[in-house]
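Student: With the sequence up front, the predicted model follows.
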Amino acid sequence: MTETNFLRDPAGVQPLEDQLVFVSRADDPKVGYKGLIGPDWEVIGILNDDSEVGLTRTIDESTAAGTGFGVISYQYKAGAVTGQVEVLDENEVLDYIKWPESEVKDGTRIVVNSNKVAMLHVLTVNVNQDGTVSLRATREKATARVDEQGRGSAPKATTVTFGYRPDKQRAVFEERRFKIEEGKLVELDVRRFVKDADITKTAGKDTYQLGEGKPADETATPSGEAGSRTSVASNPSGASGTESH
């Protein structure tokens, strides 16, 4: 019998050693599984110390009230996913985000004010003090803008606001983690995800294909008909049952 872990683990509390944000103007920039990136990516600049790389997911809520009961129904809809970073240095990437339609002619930068905002892929890199590196990359280009651009004599952080967009599958980000120890890459164990063939089959118990169908990379049966699946959801008693599709 597997022992249930009721203990809290302080190792899960890790301060950041470094944090970086990269952006890309390319339509399909890539990131290696172990953190290798190519020239399509540009660092956005030096982030303001102790500031957050913000990420906000908005959920819109509406309710229905019944007489004598109060609120009896809640409805939720996905809202905006936005982010913010504070950049200290002035650089070409930041100039592009501020004025994406500006041009340089004969050494002179012509600043154009239009309806256009910068469209960029965003890659956030968090490096924990224990050597764990976390990556988060956009699946679709995000909007990027800078509203406040004034400055005084002292260095002042510039706030960049991102508007993240989902793709046709409603996915917004891709995330990966790996670990570095003494300058060498350490593979983290995957605890939850395995190949479908490795899912343990137990006599008298059903398996269930998430998503109510066949995976996109699974081929059809030789006869050309879709295969069948079994579902615990259709038989709460746990008895074996097959649901054909």
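Tutor: Received it, and whenever you're ready, just let me know what you need. Numbering: from 1, shown residues only.
Student: Any idea how far apart the tips of stretch 39-56 sit?
Tutor: 29 Å (Cα to Cα, to the nearest Å).
Student: What of stretch 153-167?
Tutor: Stretch 153-167: ends 43 Å apart by Cα to Cα.
Student: And for stretch 105-121?
Tutor: Terminal-residue distance, stretch 105-121 (Cα to Cα): 27 Å.
Student: Which positions within it qualify as buried?
Tutor: By neighbour count with 16 or more other Cβ atoms under 10 Å, stretch 105-121 contains the buried residues 117-118, 120-121. Where C-beta positions appear, they are placed from N, C-alpha and C, glycine not excepted.
Student: Which members of the residues you listed occur in strands, if any?
Tutor: 118, 120-121 (DSSP state E).
Student: Not counting its neighbours along the chain, what's nearest residue 112?
Tutor: residue 101 (4.3 Å; Cβ to Cβ, 6 or more residues apart in numbering).
Student: rewinding a little: could you export the ones in strands among the buried residues of stretch 105-121 to JSON lines, including columns for pLDDT and distance to residue 91?
Tutor: Output for those, formatted as JSON lines (pLDDT from 0 to 100; distance: Cβ to Cβ, whole Å):
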{"residue": "118", "pLDDT": "97", "distance to residue 91": "14"}
{"residue": "120", "pLDDT": "98", "distance to residue 91": "14"}
{"residue": "121", "pLDDT": "97", "distance to residue 91": "18"}
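Student: got a pLDDT number for the spatially most central residue of the chain?
Tutor: By Cα atoms, centre = their mean, the chain has its centre lying nearest to residue 173, at 2.7 Å. On pLDDT, residue 173 comes in at 94.
Student: Helix, strand, or coil at residue 143?
Tutor: strand (DSSP: H, G, I helix; E, B strand; the rest coil).
Student: Who are the contact partners of the closest residue to it other than its chain neighbours?
Tutor: Leaving aside its sequence neighbours, residue 143 sits nearest to residue 163 (Cβ to Cβ, 6+ apart; 3.9 Å). Contact analysis of residue 163 by Cβ atoms under 8 Å, 6 or more residues apart in numbering lists 80-82, 142-144.
Student: With residue 139 instead?
Tutor: Counting by Cβ under 8 Å, 6+ apart, residue 139 makes contact with 166-167, 171-174.
Student: Name the SS class of the most far-flung residue of the chain relative to its centre, please.
Tutor: The outermost residue of the chain, judged against the average C-alpha position, is residue 68 (42.9 Å), by Cα atoms, centre = their mean. At residue 68 the chain is in coil, as set by three-state DSSP.
Student: Next, format the ones in strands among the buried residues of stretch 105-121 as TSV and append distance to residue 129.
Tutor: Formatted as TSV, these follow (distance: Cβ to Cβ, whole Å):
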residue	distance to residue 129
118	33
120	29
121	28
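Student: wait, which of these is closest to residue 6?
Tutor: residue 121 (41.5 Å; Cβ to Cβ).
Student: got the contact list for the closest one?
Tutor: 23-24, 26, 29, 137-138, 141-142.
Student: Check the residues you listed against residue 54 and report the nearest one.
Tutor: When the contacts of residue 121 are compared for distance to residue 54 (Cβ to Cβ), residue 142 wins out at 12.8 Å.
Student: so the closest one touches residue 117, yeah?
Tutor: No. Counting by Cβ atoms under 8 Å, residue 142 stays clear of residue 117, with 9.8 Å between them.
Student: Report the buried residues of the helix or strand containing residue 81.
Tutor: Element membership for residue 81 (DSSP states H and E) is strand 70-87. Residues of strand 70-87 classed as buried: 81-83, 85-87 (neighbour count, 16+ other Cβ under 10 Å).
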